[in-house]
Every structure is written in C-alpha cells, then in structure tokens.
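Enquirer: Provided below are the primary sequence and the corresponding predicted coordinates.
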Amino acid sequence: MPATQPPRALIVTPNRDDAQLSLEFLAEHGIAATACNSLQHLSRGLPEDVGCIVIVEDALVESDLPGFREVLEWQPAWSDVPLVLVSGEGARLETLVERAFPNASNFTLLERPFNPMTFVSAVRVGLRARARQLEVRDLLQSRDEALQQRNDFLAMLAHELRNPLAPMRNAVYLMKKPNAGQALTTQSIEILERQITHMSRMVDDLLDVARLERGRIDLKKQRLDLNVALAAAADACLALTRARGHRVKIGLDRNPLPVEADPVRLEQLLTNLIVNAAKFMSDGGEIGLQTGRHGEMAFVRVSDSGIGIRPDMIEAVFSPFVQDDRTLARSAGGLGIGLSIARRVAELHGGSLHAQSEGINKGSIFEARFPLAKAAVAEPQPANAPAASHAPRRVLVIEDNDDIRDSLRMVLSDWGHEVMLAKTGDEGLAIALQKRPDVALIDIGLPGRSGYDVAREIRAGSTGWSARVQLIAVTGYGQPSDRVRALEAGFNNHLLKPVDPDVLNRVLTRSEKLVEAAGIEPASASHPQSGLHA
C-alpha cells in the first residue's frame, strides 16, 4: 500500500552525537529523518516510508551485514533503496563497498571530512530517486487493480450472459418438440422475448456507460411532470415487482412537479432505481416511491426493505461494475452499472443522486433531485401506434451471419415483402445494381467490401434508383460516430442489432411514405403481392 508519509531519511550510526547532529542538520533543511544505532534493526525489513539510508562506516558490523543484505535483495522489482555510505578519512572506499554490499547499485560514497551541504545534497538526491520508485509502485498497483477489475468484470459478464442463454436454449428445445402444444409454444416464446429484452438492455447499458463517461449523450429535453414519470416507471417495472411478490407504495406530491428532462433518459434513471430496489431484496419486500420538492428542486425517493448498504460502500455503489454483493451466488444479478448510469443521467440534467442506508439488512434509500422548471408542464401527447406497412416492397438483405440473414428473410416474407439475400458486400452490390430493390438492409462488418463501401457505390450511380433506394444499416456498431459515418456513406437509417421487428416495420413504412410523398413509383409496383402484416 502507498506510504502514509513522504519518504524520510534513516541515519544508521552507533554514535549518538553523530546521529543527533545529522538529524538536526537535515531538519534545518526541511528533510524528515530518524536514526537507529545498528543495521540489525533493519534485518526484519525496511520501514515502509524509508526513502534513503545513510550508513556510517562504524555501523558496518560484520555480524549485521548478512541480514541487511538479504533484506535489500528481497525488495520488490520496483524498489532499489538509495544508500549513502559515510566512511572515515583515508578508508579504502572500493574495499568498503565490495565488502559490505557487493550487489548494491544505488549508492553514494562520502568520505570525511566533507562539506555539510554535500551531505544534504546526497540525501536529497536519494529521496528524489525513492519518490520516483514509489510512483512506479503506485502505477504498478493501479495496473494490477485495473487488471483484477477487468477480470472480475469479464467473469461477471460471462455469468450474466449465460443466465438468459440458459432459458433461451431450453425454450428453443421445447419448441422443436414434435408434440409441443400451443400453450407450451406460447410460454416458450414469452421466455425468449423476456430474455432477448434483458440481453439487449445489458448491451445498451454497457454502451451507455462509455457514452456517459465521455459526455456523448445528447439530451432531448421537454417539460415533464415528475409525478407522471415516476408512475410510468413504476408501471414499466410492474412485471418484475409482481414476480418477486414486492409491495409497491407510491406517494406523489399533490402538485405537478415540472422538470426539463429527456423522457427516455428520465425513465431509464427511474426504472434503474426501482429495479435496483427489487433485486436487492428478498421476495415479498416493500418498495416505497415518493415525489416532492425541496426549495427549487424536485425529488424522487426510492426506498426498500432489502439488504442495505455497508457504510464503506455508500459512494462505491455508484462506480461502474460495483455491487455490494460479492458472493459466488450473485443472486441479485446484473452488471453493477445501473446506479452509475442513473447518477450520471441525474447530473446531466443539473441534478444529483445520493444513497443512504443504516447498514446491512436495514434497507436503503436513493434520492434523485432535479431543478424545477419555471413554466407549466406540457400536456402529454398520445403515443402513436406502430405503423403498419401498406404495400409489398422488394427488400435486399446483405448479411454474412446465416441466422441473422435467414431470420430477417422470414420476418420480411411474413410481412409480404419480396426478399433477396446476399452474404458478402460484393455479392450484395451486384444484386442491388441488377435487381434494383426498394430497400436494402446492409450489415456494416461484411467480408471484403464493407457496408459503407456498398452504400457509397450505390449512391454513386447516376440513375434515379440510386438516389431513391432506401439504405438501412443494420449493425452492432452503435457509437455516435458510427451513426454519423453511416449517414455520410449514404445510409438513410442506422439500426442497432438486435433490431426490434416493430421498429424495423416502422422504418420500412416511413421510407415507403417518403417515396410516395416524392411522387416516385416504387420499383416493386410491377410485382404485386399480398398486403403486409402489422
């Protein structure tokens, strides 16, 4: 561990007068030092804050040397304690060093009589060298801690990914059984939907941590009522709280609590707090949800009757990948990033998020605060129902993953579209230029020619089709820079895998309406097919 004090000099001499004189002289020049009368005191190890050892020749007692040499040789790789050897007048310095410390490399020899400032300078040089060594020690320790944290996180991530994969594999196995009834199939589909949603949220959370740390989240703020937002978040978590048998008590402020907030991020913050309360509590617990105001701030308070938080973990729980539950069972699950995301989102809104707990098994309270908006809350707009496509389209899917490509074909065919498939960028570009589809769903990381290159080649054409074809990037690359790059390459949309079929359907419908509004006849007009399913 790092020393609690700056490095100090250690004077080793059997002569008390020499020791006292040296200490006083060093103190006059602002150098901390202590003294001992023999090397035998150091045979069991060096003091943690020793920065330089001054050894007077009289202390080089033959019987004490082996133990001290062993201590020096067993130092860590980063450590090489500076030695200053003070010899008597006329002593053979080379013989002295060779006899006392044959393997020493970091030493300075001073022969009496010497200028006192030479002594001070030698000690200062030794202390500076030791300070640099301690910096190296701290850097190595930080590296080791970072490596350990990385290994812990990878192990935790593997655990959390295997959890949803297990029921998904079981559900697929049951659905493949020849005698699987409708009830069993329906239940298996529900399991798959839940676990896919869970895995997608984990991936989104991981990306959000990186974006939030770099400040690359763009907030789309609007005036909201914090009461309404909390009620909606509680409703969104209803399936989880009911499954765990938790009682949820909501106490909303009588008056509206207008805040300027991004509705998506605010819901993310609130649901993270509710999910956190539900996870770290035995089944049948109680969750309290409350809103109110403190001066010019509105607050949301989420309390639970769960396992509580140790005092030393109150702030640590907001660090990424940290949970106050380090057992192999990992009964709470999760990646330990929900609270980190929640606090950063609160801060981006000009607010704060803090935790309090009286200790283990005494529950916990999380309170988020936001500045109250000055103007009235806007009337909530009714959500638009997912749009359904109205005409069949000719759709090209360029995707090198067989399962993704085939599953997209099945979904698109079920909606009534004519589907063409390609495995590589070169193959996809050739089909696109020959068949001229209405829409192309293009993976970015294709073998050979990338999805970006395919889009650029298509847009470079001089035909009307090259301009009107709708190019949709379907990719696992989800950083803001990836979206910008896709749009610059000529894509109309950028969708992240796994794509929600409802989202894809809305995008296809929107692209169809854009074509109609421009008065362009779809290329698929000569290929009538059945209408699409919503």
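Expert: Looks like it came in fine.
Enquirer: Against residue 269, how distant is the nearest residue to residue 352 once chain neighbours are set aside?
Expert: Spatial nearest neighbour of residue 352, chain neighbours left out: residue 369 (5.2 Å); criterion: C-beta to C-beta, 6 or more residues apart in numbering. Heads up, the C-betas are built off the backbone N, CA and C, glycines and all. Residue 369 sits at a distance of 11 Å from residue 269 (criterion: C-beta to C-beta, to the nearest Å).
Enquirer: can you check residue 348 too?
Expert: In terms of C-beta to C-beta, residue 348 sits 10 Å off from residue 269.
Enquirer: From what I see, residue 348 and residue 219 are in contact.
Expert: Yes. Contact status for residue 348 versus residue 219: in contact at 6.1 Å, counting by C-beta atoms under 8 Å.
Enquirer: what residues do the two have in common as contacts?
Expert: Between them, residue 348 and residue 219 share these contacting residues under C-beta atoms under 8 Å, 6 or more residues apart in numbering: residue 265.
Enquirer: Ranking helices and strands of this structure by mean pLDDT, which lands last?
Expert: Lowest by mean pLDDT, DSSP states H and E among the helices and strands of the chain is helix 93-100, with a mean of 67.
Enquirer: how about the helix or strand following that one as PDB, C-alpha atoms only?
Expert: Under the assignment DSSP states H and E, the closest C-terminal helix or strand after helix 93-100 is strand 107-111. Extracted C-alpha coordinates of strand 107-111, given in PDB (Å, rounded to 0.1, in the frame of the first residue of the first chain):
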ATOM      1  CA  PHE A 107      24.700   4.100  -3.600                       C
ATOM      2  CA  THR A 108      26.700   7.300  -2.900                       C
ATOM      3  CA  LEU A 109      30.100   7.400  -1.200                       C
ATOM      4  CA  LEU A 110      31.000  10.300   1.100                       C
ATOM      5  CA  GLU A 111      34.500  10.500   2.600                       C
END
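Enquirer: List the strands paired with strand 107-111, with their directions.
Expert: In the sheet, strand 107-111 lines up against strand 83-87 (parallel) (DSSP bridges).
Enquirer: now the strand it pairs with, how far from the centre of its chain.
Expert: Mean-position distance between strand 83-87 and its chain equals 51 Å (C-alpha atoms, centre = their mean, to the nearest Å).
Enquirer: Then stretch 395-408?
Expert: The answer for stretch 395-408 is 30 Å, by C-alpha atoms, centre = their mean.
Enquirer: which residues of the stretch 251-400 of the chain score low on pLDDT?
Expert: Along the stretch 251-400 of the chain, the model assigns pLDDT under 70 to residues 320-336, 375-390.
Enquirer: buried sites along stretch 165-174?
Expert: 168, 171 (16 or more other C-beta atoms under 10 Å).
Enquirer: what's in contact with that stretch?
Expert: In contact with stretch 165-174 (C-beta under 8 Å, 6+ apart) are residues 180, 184-185, 188-189, 191-192, 195-196.
Enquirer: and of these, the nearest to residue 122?
Expert: residue 195 (68.1 Å; C-beta to C-beta).
Enquirer: so what does whichever strand or helix holds the closest one touch, helix or strand wise?
Expert: Taking DSSP H and E as the definition, one finds residue 195 inside helix 182-213. Where contact means 3 or more C-beta pairs under 8 Å, 6 or more residues apart in numbering; DSSP states H and E, helix 182-213 is packed against helix 116-175, helix 338-348.
Enquirer: Kindly reformat these as a markdown table containing distance to residue 420.
Expert: What follows is the helices and strands packed on helix 182-213, written out as a markdown table (distance: least, C-beta to C-beta, whole Å):
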| stretch | distance to residue 420 |
| --- | --- |
| helix 116-175 | 27 |
| helix 338-348 | 40 |
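Enquirer: Among those, show me which one is buried the most.
Expert: Counting by mean count of other C-beta atoms under 10 Å, helix 338-348 has the highest mean neighbour count of the helices and strands packed on helix 182-213, with a mean of 22.
Enquirer: After it, which helix or strand is next? Please name it.
Expert: Following helix 338-348 in sequence, per DSSP H and E, is strand 352-356.
Enquirer: and of the helices and strands packed on helix 182-213, who's closest to residue 404?
Expert: Once those are compared by C-beta to C-beta, helix 116-175 is nearest, at 15.6 Å.
Enquirer: as a whole number, average confidence for that closest one?
Expert: For helix 116-175, mean pLDDT rounds to 83.
Enquirer: and the angle from that helix to strand 107-111?
Expert: Per axes from the mean of the first three to the mean of the last three C-alpha atoms, to 10 degrees, the angle that helix 116-175 makes with strand 107-111 is 170 degrees.
Enquirer: now helix 116-175, how far from the chain's geometric center?
Expert: 15 Å.
Enquirer: Over to stretch 26-36?
Expert: 46 Å.
Enquirer: One more: stretch 462-478?
Expert: Distance, centroid of stretch 462-478 to centroid of chain: 32 Å (C-alpha atoms, centre = their mean).
Enquirer: One more: stretch 102-112?
Expert: Distance of stretch 102-112 from the chain centroid (C-alpha atoms, centre = their mean) equals 49 Å.
Enquirer: So residue 369 and residue 269 - more neighbours on which side?
Expert: The neighbour count for residue 369 versus residue 269, taken as other C-beta atoms under 10 Å, is higher for residue 269 (27 against 22).
Enquirer: What separation is there between the more buried one and residue 225?
Expert: 15 Å.
Enquirer: where does the residue nearest to residue 352 fall, helix, sheet strand or coil?
Expert: Secondary structure for residue 369, judged by DSSP: H, G, I helix; E, B strand; the rest coil, is strand.
Enquirer: shouldn't it be in contact with residue 298?
Expert: Yes. Counting by C-beta under 8 Å, residue 369 does reach residue 298; the two are 7.0 Å apart.
Enquirer: who's in contact with residue 367?
Expert: So residue 367 contacts 299-302, 353-356 (C-beta under 8 Å, 6+ apart).
Enquirer: Identify the farthest-apart pair in those.
Expert: Top of the distance list for the contacts of residue 367 (C-beta to C-beta): 300 and 356, 14.3 Å.
Enquirer: if you count what's nearby, which of those two comes out ahead?
Expert: residue 300 (29 against 12).
Enquirer: That one against residue 353, yeah?
Expert: No. Residue 300 is beyond contact range of residue 353, at 9.3 Å (criterion: C-beta under 8 Å).
Enquirer: Find residues that contact each of the two.
Expert: 367-368.
Enquirer: about what we covered before: give the residues shared as contacts by residue 369 and residue 269.
Expert: Joint contacts of residue 369 and residue 269 (C-beta under 8 Å, 6+ apart) are 346, 353.
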